[in-house]
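S.K.: I'd like to go over a predicted model; first the sequence, then the structure.
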Amino acid sequence: MQQGTNLPKVGSYNRSVVLETIQASDGISRVRIAAMTGLTAQTVSVIVRRLLEEGLVVEDGSAPSRGGKRPTILRVSAEAGYAVGVHFDPKALSCVLADLAGRPVARLHLPVRPGARPDGVVRQMARAARRILREAGVADGKVLGVGLACPGPLDEDGVMVSPPRLAHWDRVPIRALLREYTGFPVTVDNDATAAAIGERWAGIARSTPSFAYLYLGTGIGGGLFLDNQVYRGRSLNAAEFGHMTVDPQGPGCYCGNRGCVEAVC
Ligand SMILES: [Zn+2]
């Protein structure tokens with residue numbers, strides 16, 4: 001679990017550490033949060049009080065006592081907020097509405113017209129996000145934002161940089177466009193890293209500080225978590241191993257090399 005810091009002026013960081021600790025647990029007490037994050041009991045108590053007031057966290061029964069008062073169990077309030085996830089594959093859009101506990105509430109799959117221009121596809125993503133919210137009856141005020149997973153590589157501004165297999169998508173500012181068309185905050189990541197974050201947030205790696213995720217989709221890539229943090233490396237795309245040469249005499253690859261992992265697979 002991520003460690004908090006007891007230095008002043010790091011309130012919002014500690015707040016996210018506490019919220020993430022509660023989210024990753026199956027119900028947890030204040031004492032246990034303090035033990036796991038290294039924060040003082042008082043700091044945890046202040047942060048939790050605010051999270052309770054904001055409705056992001058709820059009290060849910062109490063844990064067995066180890067002598068003294070039974071500690072109250074805290075959980076994330078699943079209905080306190082929602083996020084729309086969009087996965088852009090060259091051939092299809094998948095859209096999902098998830099609650100704050102990371103559980104999918106609704107799903108939508110739409111084909112992408114072959115040869116469709118970037119602007120049209122991003123508008124299609126925005127319409128899909130609007131439709132899934134309308135069908136699920138979730139008001140805009142409850143939407144925390146949109147998470148977009150798309151083929152890499154991406155730069156730090158959410159701009160796609162010569163993605164293989166997507167001829168017209170070089171230098172497309174996909175994050176800024178989707179923010180403009182939906183009106184919601186947008187976070188974007190390459191599909192493999194997004195999948196790794198998903199496993200960390202609500203999947204099999206919830207309590208695993210370091211792991212590698214192998215992504216076998218239209219292309220082959222990977223996501224890395226090291227010591228509770230996404231690892232991107234200097235290239236921002238550190239785990240993209242699909243174009244490592246594994247067989248110098250192997251088949252030609254669309255990237256121009258021979259015997260890439262992706263071509264061999
Ligand atoms: Zn290649």
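M.R.: Okay, I see it. Numbers count the residues shown, from 1 in each chain.
S.K.: what is the helix or strand where R200 lies packed up against?
M.R.: Using DSSP states H and E, R200 falls within helix 191-202. Judged by 3 or more Cβ pairs under 8 Å, 6 or more residues apart in numbering; DSSP states H and E, helix 191-202 is in contact with strand 82-89, strand 143-150, strand 211-216, strand 220-226, strand 229-230. In this view, the C-beta of every residue, glycine as well, is placed from N, C-alpha and C.
S.K.: would JSON lines of the ones you listed with distance to M244 and mean neighbour count be doable?
M.R.: What follows is the helices and strands packed on helix 191-202, written out as JSON lines (distance: least, Cβ to Cβ, whole Å; neighbours: other Cβ atoms under 10 Å):
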{"stretch": "strand 82-89", "distance to M244": "22", "mean neighbour count": "22"}
{"stretch": "strand 143-150", "distance to M244": "22", "mean neighbour count": "21"}
{"stretch": "strand 211-216", "distance to M244": "13", "mean neighbour count": "16"}
{"stretch": "strand 220-226", "distance to M244": "10", "mean neighbour count": "21"}
{"stretch": "strand 229-230", "distance to M244": "20", "mean neighbour count": "14"}
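S.K.: export the ones you listed to a markdown table and tack on distance to G115 and mean pLDDT?
M.R.: Formatted as a markdown table, the helices and strands packed on helix 191-202 follow (distance: least, Cβ to Cβ, whole Å; pLDDT from 0 to 100):
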| stretch | distance to G115 | mean pLDDT |
| --- | --- | --- |
| strand 82-89 | 15 | 95 |
| strand 143-150 | 17 | 95 |
| strand 211-216 | 25 | 92 |
| strand 220-226 | 24 | 91 |
| strand 229-230 | 33 | 90 |
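S.K.: redo the ones you listed as a markdown table? Include distance to T43.
M.R.: What follows is the helices and strands packed on helix 191-202, written out as a markdown table (distance: least, Cβ to Cβ, whole Å):
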| stretch | distance to T43 |
| --- | --- |
| strand 82-89 | 27 |
| strand 143-150 | 24 |
| strand 211-216 | 29 |
| strand 220-226 | 26 |
| strand 229-230 | 22 |
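S.K.: of all the ones you listed, which one is nearest the ion?
M.R.: Nearest to the ion among the helices and strands packed on helix 191-202 is strand 220-226 (9.5 Å), distances taken as Cβ to the ion.
S.K.: is the closest one anywhere near the ion?
M.R.: No - using Cβ under 5 Å from the ion, strand 220-226 stays clear of the ion, coming no nearer than 9.5 Å.
S.K.: who does that strand pair up with?
M.R.: Neighbouring strands of strand 220-226 in its sheet, by DSSP bridges, are strand 211-216 (antiparallel), strand 229-230 (antiparallel).
S.K.: quick one: which of the ones you listed is nearest C260?
M.R.: Among the strands paired with strand 220-226, the nearest to C260 by Cβ to Cβ is strand 211-216 (14.0 Å).
S.K.: just want the angle from the closest one to strand 143-150.
M.R.: Counting by axes from the mean of the first three to the mean of the last three Cα atoms, to 10 degrees, strand 211-216 points 60 degrees away from the direction of strand 143-150.
S.K.: what's strand 211-216 in contact with?
M.R.: 191-192, 195-196, 199-200, 205, 220-225, 239, 265 (Cβ atoms under 8 Å, 6 or more residues apart in numbering).
S.K.: check those residues and tell me the two furthest apart.
M.R.: Farthest pair in the contacts of strand 211-216, by Cβ to Cβ: R200 and C265, 25.1 Å.
S.K.: mind checking which of the two has more residues around it?
M.R.: More crowded of R200 and C265, by other Cβ atoms under 10 Å: R200, with 24 against 10.
S.K.: specify the beta-bridge partners of the nearest residue to the more buried one once chain neighbours are set aside.
M.R.: Closest residue in space to R200, ignoring its immediate chain neighbours: F225 at 5.9 Å, by Cβ to Cβ, 6 or more residues apart in numbering. Beta-bridge pairing of F225 under DSSP bridges involves F211, V230.
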